[in-house]
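**Student:** model this:
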Amino acid sequence: MAKFEFKKRYGQNFLQNETIANKIADSIAPTEKDLILEIGPGSGAITQRLKKYKSKIIAYEIDKDTEKFLKPLEDDNLEIIYEDFMTSDIKTKLKTIEYQNLYIIGNLPYYITTPILERIIDIGLNPTSLTIMVQKEVGERFLAKPKSREYGYMTVLLNYWFTLEKVIDVPRTQFYPVPNVDSMVIKLIQKQSKNINYDKFKEILKNSFQYKRKTINNNLKNYDTTKLSQILERHHASLQSRAEELDLDTFIDLTNNL
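**Tutor:** Numbers count the residues shown, from 1 in each chain. Next up is the predicted model:
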């Protein structure tokens with residue numbers, strides 16, 4: 001591993017702990033009729049464990065230099081695609097594969113964790129579940145509850161689509177090279193989302209959390225104040241509440257009735 005030239009621009013840190021790699025792979029239970037999509041397989045620590053399911057696997061890896069680790073793992077069920085997950089035409093690729101359920105697993109580059117998750121949602125991949133390694137601080141933000149400092153835009157957005165749970169904490173010492181932060185593995189399980197105007201939902205969320213220390217009255221000042229007040233009162237909140245105090249149901253009500 002020491003001979004590999006790690007590239008800071010890709011945020012590369014390869015997992016070294018076999019127990020943690022096993023736990024990540026064991027977080028899903030696909031069948032041979034399902035598809036696993038792995039983001040950033042790196043040295044293949046998790047990839048090789050996913051092969052036990054006999055499912056079709058496609059893995060997106062941005063760094064062609066990792067081929068020395070991944071090439072030996074390829075077979076009829078595993079395809080490595082050396083492209084940027086953020087720009088690759090994933091939907092067209094998936095149309096060429098017959099599968100029942102989609103499972104996504106990834107050790108996400110921490111600097112683009114949120115854009116990757118938003119892309120998964122926005123292009124409609126509709127995974128049965130996602131198991132992702134993220135910076136611990138980010139994981140805590142995703143898992144946060146209303147009225148906590150960590151609660152924010154992505155917390156609500158992810159909770160609209162998924163039920164979230166922590167799989168395991170991962171100390172920084174379990175990677176090579178050792179990063180500057182600890183990590184966390186979280187699992188996002190698809191749930192039945194409510195039928196709303198999703199673009200409006202995102203707009204209201206972004207506006208509400210734009211200035212976290214300001215009140216909803218200030219952040220949503222371009223909306224009908226009377227309606228806004230009535231909706232908030234239904235959820236035991238007020239115009240003086242901050243976005244971090246409002247739960248998912250409140251934002252759904254705002255979307256449907258503002």
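
**Student:** can you give me the helices in the stretch 1-150 of the chain?
**Tutor:** 18-25, 47-50, 67-70, 90-95, 113-122, 136-142 (DSSP state H, counting those that start in this stretch).

**Student:** closest one to Thr255 among the ones you listed?
**Tutor:** Nearest of those to Thr255, taken as Cβ to Cβ: helix 113-122 at 15.8 Å. All C-beta spots, glycine's among them, are computed from the backbone N, C-alpha and C.

**Student:** Which strands or helices does the closest one pack on?
**Tutor:** Packing partners of helix 113-122 (3 or more Cβ pairs under 8 Å, 6 or more residues apart in numbering; DSSP states H and E): strand 129-135, helix 153-161.

**Student:** Dump the ones you listed to TSV, plus mean neighbour count, mean pLDDT and distance to Glu61.
**Tutor:** As requested, the helices and strands packed on helix 113-122 are exported to TSV (neighbours: other Cβ atoms under 10 Å; pLDDT from 0 to 100; distance: least, Cβ to Cβ, whole Å):
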stretch	mean neighbour count	mean pLDDT	distance to Glu61
strand 129-135	24	94	15
helix 153-161	21	96	25
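
**Student:** any chance of these in TSV, plus distance to Lys23?
**Tutor:** Putting these into TSV (distance: least, Cβ to Cβ, whole Å) gives the following:
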stretch	distance to Lys23
strand 129-135	9
helix 153-161	21
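
**Student:** Ser208: what's it in contact with?
**Tutor:** By Cβ atoms under 8 Å, 6 or more residues apart in numbering, the contact list for Ser208 reads Tyr153, Ile216, Asn219, Leu220, Ala243, Leu246, Phe251.

**Student:** just checking, the last one touches Glu203?
**Tutor:** No - under the criterion of Cβ atoms under 8 Å, Phe251 makes no contact with Glu203, lying 10.9 Å away.

**Student:** which one of the two has more residues nearby?
**Tutor:** Neighbours were counted for Phe251 and for Glu203 using other Cβ atoms under 10 Å; Phe251 has more, 22 against 12.

**Student:** check contacts around that one.
**Tutor:** Val156, Phe201, Ile204, Leu205, Ser208.

**Student:** Quick check: which ranges of the stretch 101-250 of the chain have low pLDDT?
**Tutor:** Scanning the stretch 101-250 of the chain for pLDDT under 70 picks out 175-179.
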